[in-house]
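give me a 3D structure for the following:
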Amino acid sequence: MIIAIDGPAGSGKSTIAKELANELDFVYLDTGAMYRLVTLKALNEKISFDSLKNIVDLSENKNNNSDFEIIQNMKKILENLNIDIKKNRFFLDEIDVSDEIRKPVVSENVSNVAKIKQVREKLVGLQRKFSKSKNVILDGRDIGTVVFPNAELKIFLVADAMERAKRRYKELILKNEDITLDEIYKNILERDKIDSTRKESPLVKAQDAFEIDTTFKTIEEVKDDIKSLLRKSAK
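Predicted structure coming up:
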């Protein structure tokens, strides 16, 4: 069985999906973390993200030397991509980078990596491979629309942008990150814009998805809502 949980950054997708997976004895797959792994790899390879903002397809030839070099480097990253997920820990080139992929510099750039056609094709293939013949909960931006359009249960979480920023701010402050609430709020708005307007697999609610506004709900309340929907879908 596949449970797809989509929604914008900070809406609670990962927290809800992870806890539900433990309670329901499902496998949890954090697809957003997979895009963060590719972003971290690009950062490690010194990819220019200012230039990458304008690239949505690695097959395009813009006759620009700097773009050509970046495109070739991104192709190499995807060809040699070595990522793995073990017990909710994330590995890049066999190194545990679970904390690194949550840093602000990755959050600021992940949407520009995720909008690239070939990146999405590569990771969608891996997501389907990891989920084969298992009971899985996946969260992301396009799980119910692209990755698993036939998922048995689709959830679309939403929340007020400032509330989402406050949640992310609390998480990062606990990790001693030097960042302001205003910076996170602006990043949330920018990510929403990129995710919802990108050409490849934009963030949209699937027609058969159930929308839950988490702004004023506790984690337990959201989980109870989803469990109720799950029981109804099983009848």
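
do a quick rundown of the helices in the chain.
Ranges of helices in the chain, per DSSP state H, are 13-24, 31-44, 49-52, 65-79, 104-114, 117-131, 161-174, 181-197, 219-234.

dump these to a markdown table, plus distance to residue 90 and mean neighbour count.
C-beta here means a position set from N, CA and C on the backbone, and glycine is covered the same way. Converted to a markdown table, the helices of the chain look like this (distance: least, Cβ to Cβ, whole Å; neighbours: other Cβ atoms under 10 Å):
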| stretch | distance to residue 90 | mean neighbour count |
| --- | --- | --- |
| helix 13-24 | 12 | 19 |
| helix 31-44 | 5 | 23 |
| helix 49-52 | 20 | 15 |
| helix 65-79 | 16 | 15 |
| helix 104-114 | 11 | 21 |
| helix 117-131 | 12 | 17 |
| helix 161-174 | 16 | 17 |
| helix 181-197 | 19 | 17 |
| helix 219-234 | 22 | 14 |
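
tell me which of the ones you listed lies nearest to residue 5.
When the helices of the chain are compared for distance to residue 5 using Cβ to Cβ, the nearest one is helix 13-24, at 5.0 Å.

what average pLDDT does the closest one get?
The average of the pLDDT scores along helix 13-24 is 95.

do the same with stretch 67-83
92.

want to throw the helices of the chain into JSON lines with distance to residue 89?
Converted to JSON lines, the helices of the chain look like this (distance: least, Cβ to Cβ, whole Å):
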{"stretch": "helix 13-24", "distance to residue 89": "12"}
{"stretch": "helix 31-44", "distance to residue 89": "10"}
{"stretch": "helix 49-52", "distance to residue 89": "26"}
{"stretch": "helix 65-79", "distance to residue 89": "21"}
{"stretch": "helix 104-114", "distance to residue 89": "16"}
{"stretch": "helix 117-131", "distance to residue 89": "14"}
{"stretch": "helix 161-174", "distance to residue 89": "17"}
{"stretch": "helix 181-197", "distance to residue 89": "24"}
{"stretch": "helix 219-234", "distance to residue 89": "22"}
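
quick one: which of these is nearest residue 152?
Here helix 219-234 is closest among the helices of the chain (Cβ to Cβ), at 6.2 Å.

neighbouring contacts of the closest one?
With contact meaning Cβ atoms under 8 Å, 6 or more residues apart in numbering, helix 219-234 is reached by 3, 5, 12, 15-16, 19-20, 23-24, 152-153, 155, 157, 210, 212, 214, 217.

and what of stretch 81-97?
Identification of contacts with stretch 81-97 by Cβ under 8 Å, 6+ apart yields 18, 28-30, 33-34, 36-38, 40-41, 98, 101, 122, 126, 130.

just give me the closest of these to residue 185.
residue 36 (19.8 Å).

tell me, how many residues neighbour the residue lying closest to that closest one once chain neighbours are set aside?
Closest residue to residue 36 apart from its sequence neighbours, by Cβ to Cβ, 6 or more residues apart in numbering: residue 101 at 3.8 Å. Here the number of neighbours of residue 101 (other Cβ atoms under 10 Å) works out to 23.

what residue is smack in the middle of this protein?
By Cα atoms, centre = their mean, the chain has its centre lying nearest to residue 32, at 2.1 Å.

thanks again, I'm all set now.
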